[in-house]
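J.: 3D model of this:
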Amino acid sequence: MLEIGPRTDIAAIAKGFGLRGTTVTDLRQLKPLFDAYAAQDTADIWNIHVSDQVVSPSTRRTVGRGHGKM
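T.: Below is the predicted model of the structure:
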């Protein structure tokens with residue numbers, strides 16, 4: 001999911017549906033999260049924020065066609 005704008009707490013939404021949800025703020029969290037996921041029998045949602053300074057090629061093309069400012 002690509003989201004441009006305020007950050008939605010996807011982890012909290014997952015918890016509202018009875019799933020495990022975690023907001024990842026450091027890459028070092030991934031190994032323990034993956035290990036815990038592998039040991040369980042339910043879905044797990046990881047909300048991984050990427051810097052707003054990183055722009056995907058497809059977003060660059062869209063903005064370049066006049067659909068916003070970058």
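
J.: local confidence estimate at residue 67?
T.: pLDDT recorded at residue 67 is 53.

J.: cool, residue 1 as well?
T.: Residue 1 is given a pLDDT of 53.

J.: which residues of the protein score low on pLDDT?
T.: Applying pLDDT under 70 to the chain flags the ranges 1-5, 64-70.

J.: what are the boundaries of the helices in it?
T.: Assigned by DSSP state H, the helices in the chain fall at 10-16, 30-38, 57-64.

J.: make a markdown table from those and add distance to residue 24 and mean neighbour count to it.
T.: The way it works is simple: take the backbone N, C-alpha and C, and place the C-beta from them, glycine included. What follows is those, written out as a markdown table (distance: least, Cβ to Cβ, whole Å; neighbours: other Cβ atoms under 10 Å):
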| stretch | distance to residue 24 | mean neighbour count |
| --- | --- | --- |
| helix 10-16 | 9 | 15 |
| helix 30-38 | 7 | 11 |
| helix 57-64 | 21 | 11 |
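
J.: out of those, nearest to residue 45?
T.: Residue 45 lies closest, by Cβ to Cβ, to one member of the helices of the chain: helix 10-16, at 3.6 Å.

J.: just the C-alpha atoms of that closest one, please, in CSV.
T.: Coordinates of each C-alpha in helix 10-16 appear next as CSV, following Å, rounded to 0.1, in the frame of the first residue of the first chain:
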residue,chain,number,x,y,z
ILE,A,10,-2.0,0.4,10.2
ALA,A,11,-0.7,-1.7,13.1
ALA,A,12,-3.6,-0.3,15.3
ILE,A,13,-6.1,-1.1,12.6
ALA,A,14,-4.8,-4.7,12.4
LYS,A,15,-5.1,-5.0,16.2
GLY,A,16,-8.7,-3.8,15.9
